[in-house]
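Enquirer: Quick one: sequence and predicted model below, then my questions.
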Amino acid sequence: MLLAGGNPQIAKADGDAAIQAYIAATTGWKRDLVRSLDGGSAWRESSDRLLLPVVWGGISSGACAPEGDGCENLRRRRRAGRIKSRLNNGLRKLYLTMKTSSSPGMKRGRLPWLTKLRPEMQPMIIPDLRGRGQMLLPTPMLVAEEMATIPKGSLLSFPMLRTRLARRFHADLTCPLMTGIFFNIVAGAAEEQLAAGAEPLSPYWRVVIENGTLSPKTPAGAERQAEHLRCEGHEIQLHRDKLRVIDYRKNLLM
């Protein structure tokens, strides 16, 4: 019986019998490989092959696998790992900059929200690491542009916002984490503009959580978002310590 990695399943045992059983059950290029390692360690190098770590009889040694037998899967995993690492590093930097400005009623931080919009930033489409298709990595300005299309009196949920962004770029989905981070950046920038007597970049308050609840994590707070929505004719109710739009479904933008 072969395991998922293509290695034979051998009952745990001591002595040479278990080793010989393992060798006999091994198939393909691995059989010659383990035979060469029998009784010791080996390390073969080749410029056109991929070096793989092998543990044999408690001794860590090295060997190389021929092209096409698991090497491509290993390359894919390593490439996905590098992409994930770059994404995590980028998102960590964005998170560290999300400590906000000195506008009244807003959370304080080192930099104004307006400086975090990064208009030079470009969207990207990458393979989703969970295999769900092509994923859009949006930008703050892209999120602001999409929210600016929501007419007065209408609402959009966060999943709907991500779907609209993905459809716009012919992607299968939009990164939810980056969308949430950029939503807060746009919301903070809009409040700074309102505090300065300017027109807001985007009506962020028209985006609500899927069940109609107002996000408590917005820079100016859920109560400030509720004020904007009340001015546009929405009824807001306190439900389980959270503010929620009454009958929000009938105002969802389809």
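Expert: Perfect, thanks for sending it. From a predicted model like this one, the values you see are computed outputs, not experimental measurements. Numbering: from 1, shown residues only.

Enquirer: now the protein, which segments are flagged as low pLDDT?
Expert: The chain contains residues with pLDDT under 70 at 1-7, 9-16, 18-19, 28-73, 83-84, 86-110.

Enquirer: can I see the domain layout of it?
Expert: 16-69, 72-251 (automatic domain parsing).

Enquirer: Helices along the protein, start to end?
Expert: All helices of the chain, identified by DSSP state H, fall at 16-25, 29-37, 71-96, 140-147, 158-168, 176-195, 222-231.

Enquirer: Check the gap between the nearest residue to Asp247 once chain neighbours are set aside and Glu227 for me.
Expert: With Cβ to Cβ, 6 or more residues apart in numbering as the criterion, Asp247 has its nearest non-adjacent residue at 7.4 Å, and that residue is Glu235. All C-beta atoms are positioned from the backbone trio N, CA, C, and that covers glycine. Relative to Glu227, Glu235 is positioned 13 Å away (Cβ to Cβ, to the nearest Å).

Enquirer: swap in Pro203?
Expert: Distance from Pro203 to Glu227, counting by Cβ to Cβ: 13 Å.

Enquirer: What of Glu192?
Expert: Glu192 is 16 Å from Glu227, by Cβ to Cβ.

Enquirer: Show me which of those two is the more surrounded one.
Expert: Set side by side, Glu192 and Glu227 show more neighbours around Glu192, with 23 against 13, by other Cβ atoms under 10 Å.

Enquirer: my guess is the more buried one meets Leu114, correct?
Expert: Yes - counting by Cβ atoms under 8 Å, Leu114 is a contact partner of Glu192 at 5.5 Å.

Enquirer: Next one: Arg118 from Thr218, what distance?
Expert: Between Arg118 and Thr218 the distance is 19 Å, computed by Cβ to Cβ.
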